[in-house]
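Colleague: what would the 3D arrangement of this be:
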Amino acid sequence: MIRILIAEDQGMVRGALAALLALEPDLEVVGEVSSGEAVLAAARQQRPDIALLDIEMPGIDGIEAAAALHGEIPECAAIILTTFGRPSYLRRAMEAGAAGFLVKDSPAEQLANAIRRVATGERVVDPELAAAALADGEAPLTPRERDVLEAGADGSPVSEIARGLHLSEGTVRNYASAAIGKTGARNRVEALQIARDRGWL
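Modeller: Numbering: from 1, shown residues only. Now for the predicted structure:
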């Protein structure tokens, strides 16, 4: 029996996933959580073989949760489920140690088969997304450029971003300017939106 933990912030989707997987004779849902923060505690308690993780969750997202699992409970393989089939999300998920990456509109039998394959040690990635990731190339933003954009997401002034990131104001301006240039945006707010839309953050 393959033991599964589901992390999904939308109750209806979480319940539907659990109900679909319960129909499979060799799969057992042993835990359901609604946030990325709850994943590690549930995994410690339930010891699942597989964690199905939504990307978009409040607080810690699915990719960060996958990295935490990979570091602390490597025997629990993470499969990322997402509505957002973005190549850069796939790259980030693989870097975080995820063993699978599927879009939510995949057929139920495809999900069940992916779980079985990952449980035997395979990596399973949506083929269209894998092809798109190869064609898309690397995300252009450096980690520091991403930090600066995210730190200014609430409209914080440069001085506040600089204090929060322990950088000089000039350095923050340089990173912001580079990010604006790479995204083709007119300002920091637009650069943040473009980067989010393309899955670079």
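Colleague: which residue is most remote from the mean position of this structure?
Modeller: Centroid-distance maximum for the chain: Gly170 at 31.4 Å, with CA atoms, centre = their mean.
Colleague: residues contacting it?
Modeller: By CB atoms under 8 Å, 6 or more residues apart in numbering, the contact set of Gly170 is empty. No exception for glycine: its C-beta is placed from N, CA and C like everyone else's.
Colleague: by mean pLDDT, which helix or strand of the chain comes out lowest?
Modeller: helix 127-136 (a mean of 68; mean pLDDT, DSSP states H and E).
Colleague: next secondary structure element downstream of that one?
Modeller: Scanning forward in sequence from helix 127-136 by DSSP states H and E, the next helix or strand is helix 143-151.
Colleague: give me the distance from that following helix to the chain's centre.
Modeller: Put simply, helix 143-151 sits 17 Å off its chain's centre (CA atoms, centre = their mean, to the nearest Å).
Colleague: show me what that helix is packed up against.
Modeller: Under the contact definition 3 or more CB pairs under 8 Å, 6 or more residues apart in numbering; DSSP states H and E, helix 143-151 sits against helix 158-165, helix 169-183, helix 188-197.
Colleague: got JSON lines for those helices, with distance to Ala38 and mean pLDDT too?
Modeller: Shown next, in JSON lines, are these (distance: least, CB to CB, whole Å; pLDDT from 0 to 100):
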{"stretch": "helix 158-165", "distance to Ala38": "26", "mean pLDDT": "94"}
{"stretch": "helix 169-183", "distance to Ala38": "32", "mean pLDDT": "90"}
{"stretch": "helix 188-197", "distance to Ala38": "24", "mean pLDDT": "87"}
